[in-house]
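K.L.:
next come a sequence and a model predicted from it.
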Amino acid sequence: MDVDTVRNVARIARLRLSPEEERQFAQDLEEVLAYMAVLDEAPSGGEHDFNPVPVHDVLREDVEARDVDADGLRDSMDIYQDLVRGPRLS
């Protein structure tokens, strides 16, 4: 990466860099781009997926069921005009 590009990025980021810092950042960014070039060699498409292990749907369908008898539960509660009453909040 050249120093002019570093100056442009620094200007956009509103950074003031000395000439030495510009040279150092140009060198650092060049190394970062070299490391990122490894991604160009990575396989793409085909049978490859983002998950290294195949993911299968193991959830079951919901089945409607009643765990509690609704009438028995209503009989045990304080009910007023077909509404359940809770404790009074002062």
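P.N.:
Structure received.

K.L.:
pretty sure residue 1 sits against residue 30.
P.N.:
Yes. In this structure, residue 1 is within contact of residue 30 by Cβ atoms under 8 Å, at 4.8 Å. Bear in mind the C-beta positions are built from the backbone N, C-alpha and C, glycine included.

K.L.:
comparing these two, which residue is more hemmed in?
P.N.:
residue 1 (15 against 12; other Cβ atoms under 10 Å).

K.L.:
contacting residues around the more buried one?
P.N.:
With contacts defined as Cβ atoms under 8 Å, 6 or more residues apart in numbering, residue 1 is in contact with 26, 29, 30, 33.

K.L.:
give me that answer again for 6 Å
P.N.:
When the contact criterion is Cβ atoms under 6 Å, 6 or more residues apart in numbering, the partners of residue 1 are 26, 29, 30.

K.L.:
which single one of those residues is nearest to residue 81?
P.N.:
For the contacts of residue 1, the minimum distance to residue 81 (Cβ to Cβ) is 72.8 Å, reached by residue 29.

K.L.:
show residues contacting the strand or helix carrying that closest one.
P.N.:
For residue 29, the enclosing helix or strand under DSSP states H and E is helix 19-36. Residues from elsewhere that reach helix 19-36, judged by Cβ under 6 Å, 6+ apart: 1, 3, 6.
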